[in-house]
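1. Okay, here's the prediction I keep looking at, along with the sequence it came from:
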Amino acid sequence: MSVKVEDLHFSYPTRPVLTRIDLTVEPGEFVALVGVNGCGKSTLLRLIAGLLRPSSGRILLGGAELTSLSRRQVARRLAVLHQSLPPVPAMTVRQLVRQGRYPHQGPFGLLRESDSMDEALELAGVAHLADRVLDTLSGGERQRVRLALAVAQNTRILLLDEPTAHLDIRHQLEVLELVRALREIRGLTVVTVLHELDHAARFAERIVALHEGRVWADGPPKHVITPELLADVFGVAGRVVTDELHGSPRCLLDAAL
Ligand SMILES: Nc1ncnc2c1ncn2[C@@H]1O[C@H](COP(=O)(O)OP(=O)(O)OP(=O)(O)O)[C@@H](O)[C@H]1O
């Protein structure tokens, strides 16, 4: 399912954040959003998820204008992996992930629902944590529970806000490989915020760099990940080489400018 953002402007009451954003993500595309802290990446995801309203401009999911869809219709189209879990510390992992299935539940759907939930727990590698209470989990375990919650929604669009935060290097790779596999198996459209440029370059087929409220660059990793991006967007002097094994660009960071 496609995501289309047209001439989007957004301001919080205290500050403008996004200006004239145009972005079309085709069905099945894997797009990484990159940019410095505070440049508006999470805000853009929240706008696409319908959690914030644009100051002006339009957002379309699969051709339907977001404002014309009910919350349940939006929840059937897209799942969001947020930067934090809902504030319900006494809930177990299973209870939380079951909530991801609510938009799909009809009166007789409970048996099938439990299959989808078990699959999501399994895919996110948290089946062994199913009966644990959320506030007893480590940061990395919580992160994978957040992924299970998003996967359980079984939507055509997956929005991920820093899915590798708090994870050790093996789990970072596992999560990104899982997202890539989900995209291949289920044809998901993926838009993810990633801070690690090498991960963005290796896993996404397209990178959108935000800078000062605008799209600074948008294209395949080889075109976007350049020494100019490092210097002009991130304020870092660096070189970009090609990873011989994966063929993707890799950044060698030299110094903060
Ligand atoms: N509720 C809010 N009210 C006012 N300003 C906000 C609010 N939420 C975010 N901002 C500001 O809007 C800007 C964009 O924030 P956003 O969280 O989208 O950035 P980000 O690119 O995701 O950052 P990070 O990489 O640090 O997660 C920041 O300057 C932030 O301080």
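-> Sure thing, it's come through. Only a predicted model underlies this, so the values are computations on that prediction, with no experimental measurement involved.

2. tell me which parts of the stretch 1-150 of the chain are close to the ligand?
-> For the stretch 1-150 of the chain, the residues in contact with the ligand (CB under 6 Å from any ligand atom) are 12, 14-15, 17, 35, 37-43. C-beta: built from backbone N, CA, C; applies to glycine.

3. go with 5 Å
-> Applying the criterion CB under 5 Å from any ligand atom, the portion of the stretch 1-150 of the chain that neighbours the ligand consists of 12, 17, 37-43.

4. If any of these are buried, give me the ChimeraX selection for them.
-> In ChimeraX, this line selects whichever of these come out buried by 16 or more other CB atoms under 10 Å:
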select :17,39,40,41,42,43
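
5. Among the residues of the stretch 1-150 of the chain next to the ligand, which lie within strands?
-> Using DSSP state E, the subset of those located in strands is 12, 17.

6. got the residues of the stretch 1-150 of the chain next to the ligand as TSV, with pLDDT and distance to residue 173 columns?
-> As requested, these are exported to TSV (pLDDT from 0 to 100; distance: CB to CB, whole Å):
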residue	pLDDT	distance to residue 173
12	96	35
17	97	31
37	96	23
38	95	27
39	96	26
40	97	27
41	97	21
42	95	23
43	96	28
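
7. what's the farthest-apart pair in the residues of the stretch 1-150 of the chain next to the ligand?
-> In these, the most distant members under the criterion CB to CB are 12 and 37, with 15.6 Å between them.

8. of all the residues of the stretch 1-150 of the chain next to the ligand, which comes closest to residue 137?
-> The shortest separation between residue 137 and any of these is 22.2 Å, and it belongs to residue 42 (by CB to CB).

9. what's the residue nearest to the closest one when sequence neighbours are not counted in contact with, if anything?
-> Counting by CB to CB, 6 or more residues apart in numbering, residue 161 is the residue found nearest to residue 42 once chain neighbours are left out, at 5.4 Å. Under the criterion of CB atoms under 8 Å, 6 or more residues apart in numbering, the contact partners of residue 161 comprise 41-42, 45, 80-83, 192-193.

10. Apply 6 Å and report the result again.
-> By CB atoms under 6 Å, 6 or more residues apart in numbering, the residues touching residue 161 are 42, 45, 82-83, 193.

11. Can you name the residues bridging to residue 92?
-> Going by DSSP bridges, residue 92 is paired in beta bridges with residue 133.
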